[in-house]
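Peer 1: heads up, no residue letters with this:
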Ligand SMILES: [Zn+2]
């Protein structure tokens, strides 16, 4: 029989996949020598976390402990560039909160953003918890608990785990640090698959993302993610990474297959629909691109951008009437197409 602590310290982690386009290039801010790398981090407190007067010190201690562990496993260190209280943070859903932080906060000269939020500690420690959420290569958020120190026990492991997601690491089911369920008996060791993934991404330029890797490195990564799927990892972030890599390699059919696995699991993920349509467009298959965007309109809440994408395809095909109709639909759904299109419609007397 497992002891009580073992049972009650389950910590679940969820890698998040809504990866939006990278913030445009700022100064490349990392040092790296042969094997060692220091990641520059901007530390964010949401409104709840910032209610603690000593939040900076708390965050720093947690990150220092994680940095020590990460150095042992991967020779990667965390260094804090600055702290900031994030004022626009009244979002109750943890996933939306994390995505909003990564998309809205300016990371300054840092490589990535690490945010902290605070939950009321509940007595119900048996409850399954999702304490970390990562958007690979961009940032993550960590949930901490007030009034129940027991619940913060695994924090160092959660941060190390999320840092490995930052480098494209995926869940494996072997009790290592990249297992999605971990506890006090989890060992601070990394499985061979993630070790290999991080050996490729370790020196990545966070401002340029996958574009900073060579074709050979991207091909190796694609093989590793395919292996992860074969080993039983059928999670959307894994398919999403695979889609991104094939996209960068210009293998659009393979990218479409991977993104399709994402929308098969969650049809409301607008970004994956956008990528499928854009891959068809890049491959010159305009009819399929339009068909995909039309399907997306029926599935997602942000419809305007997809009408806008259809308007641009028709515009480029010289079908200005259809382009105009879709530009109007985009506008009615809160999305404005480029002014160049409106000027062209006017010139041609289309209204
Ligand atoms: Zn995870």
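Peer 2: Happy to help now that I have it. Please read these numbers as outputs of a predicted model, since none were measured by experiment.
Peer 1: Using the three-state scheme, assign residue 118.
Peer 2: Here residue 118 takes the strand state, with states given by DSSP: H, G, I helix; E, B strand; the rest coil.
Peer 1: start at 171 instead
Peer 2: Renumbered: residue one is now 171, and that last one reads residue 288.
Peer 1: Surely it touches residue 229?
Peer 2: No: with contact defined as C-beta atoms under 8 Å, residue 288 does not reach residue 229; the gap is 11.0 Å. C-betas here are computed from N, CA, C, even on glycine.
Peer 1: got any residues that touch both of those two?
Peer 2: Both residue 288 and residue 229 are contacted by residue 219, under the criterion C-beta atoms under 8 Å, 6 or more residues apart in numbering.
Peer 1: With neighbour numbers in mind, choose between those two.
Peer 2: Between residue 288 and residue 229, counting by other C-beta atoms under 10 Å, residue 229 is the more crowded of the two (23 against 20).
Peer 1: Contact partners for the more buried one?
Peer 2: Contacts of residue 229 by C-beta under 8 Å, 6+ apart are 213, 215, 219, 253, 284, 286.
Peer 1: can I get those in a markdown table with distance to residue 484 and neighbour count?
Peer 2: Shown next, in a markdown table, are those (distance: C-beta to C-beta, whole Å; neighbours: other C-beta atoms under 10 Å):
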| residue | distance to residue 484 | neighbour count |
| --- | --- | --- |
| 213 | 46 | 22 |
| 215 | 47 | 22 |
| 219 | 47 | 25 |
| 253 | 48 | 15 |
| 284 | 43 | 27 |
| 286 | 46 | 24 |
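Peer 1: nearest to residue 436, of those?
Peer 2: Nearest to residue 436 out of the contacts of residue 229 is residue 284 (C-beta to C-beta; 25.4 Å).
Peer 1: Can you tell me the centre-most residue of the protein?
Peer 2: residue 305 (1.9 Å; C-alpha atoms, centre = their mean).
Peer 1: Touching, that one and residue 267? I think so.
Peer 2: No: between residue 305 and residue 267 there is no contact, the gap being 11.9 Å when judged by C-beta under 8 Å.
Peer 1: related to what we said a few turns ago, I'd like the list of the contacts of residue 229 that fall within strands, please.
Peer 2: 213, 215, 253, 284, 286 (DSSP state E).
Peer 1: So the last one is in contact with residue 225, correct?
Peer 2: Think residue 286. Yes: contact criterion C-beta under 8 Å: residue 286 and residue 225 qualify, at 7.2 Å.
Peer 1: Now the common contact residues for these two.
Peer 2: With C-beta under 8 Å, 6+ apart, residue 286 and residue 225 have common neighbours 215, 219.
Peer 1: Show me where the stretch 421-521 of the chain has its helices.
Peer 2: In the stretch 421-521 of the chain, the helices defined using DSSP state H, counting those that start in this stretch lie at 422-435, 440-452, 456-469, 474-487, 490-502, 509-517.
Peer 1: Serialize the ones you listed to TSV and add fields for distance to residue 375.
Peer 2: As requested, the helices of the stretch 421-521 of the chain are exported to TSV (distance: least, C-beta to C-beta, whole Å):
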stretch	distance to residue 375
helix 422-435	22
helix 440-452	22
helix 456-469	30
helix 474-487	28
helix 490-502	34
helix 509-517	32
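Peer 1: Which of these sits closest to the ion?
Peer 2: helix 422-435 (16.1 Å; C-beta to the ion).
Peer 1: that older thread, switch the helices of the stretch 421-521 of the chain over to a markdown table; also include distance to the ion and mean neighbour count.
Peer 2: Output for the helices of the stretch 421-521 of the chain, formatted as a markdown table (distance: least, C-beta to the ion, whole Å; neighbours: other C-beta atoms under 10 Å):
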| stretch | distance to the ion | mean neighbour count |
| --- | --- | --- |
| helix 422-435 | 16 | 20 |
| helix 440-452 | 19 | 22 |
| helix 456-469 | 26 | 18 |
| helix 474-487 | 29 | 20 |
| helix 490-502 | 36 | 19 |
| helix 509-517 | 42 | 13 |
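Peer 1: Can you lay out these as JSON lines showing distance to residue 409 and mean pLDDT?
Peer 2: Listed next are the helices of the stretch 421-521 of the chain as JSON lines, based on distance: least, C-beta to C-beta, whole Å; pLDDT from 0 to 100:
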{"stretch": "helix 422-435", "distance to residue 409": "4", "mean pLDDT": "96"}
{"stretch": "helix 440-452", "distance to residue 409": "9", "mean pLDDT": "95"}
{"stretch": "helix 456-469", "distance to residue 409": "17", "mean pLDDT": "97"}
{"stretch": "helix 474-487", "distance to residue 409": "21", "mean pLDDT": "97"}
{"stretch": "helix 490-502", "distance to residue 409": "28", "mean pLDDT": "97"}
{"stretch": "helix 509-517", "distance to residue 409": "34", "mean pLDDT": "96"}
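Peer 1: if we compare those, which one ends up closest to residue 359?
Peer 2: helix 422-435 (28.9 Å).
Peer 1: Can you pull out the low-pLDDT segments for the protein?
Peer 2: 171-204, 292-299 (pLDDT under 70).
Peer 1: and it, what are its domains?
Peer 2: Domain segmentation of the chain under automatic domain parsing yields 174-377, 380-517.
Peer 1: Can you name the element that comes right after the helix or strand residue 390 falls within?
Peer 2: For residue 390, the host element (DSSP states H and E) is helix 385-400. Next helix or strand after helix 385-400 toward the C-terminus (DSSP H and E): helix 406-419.
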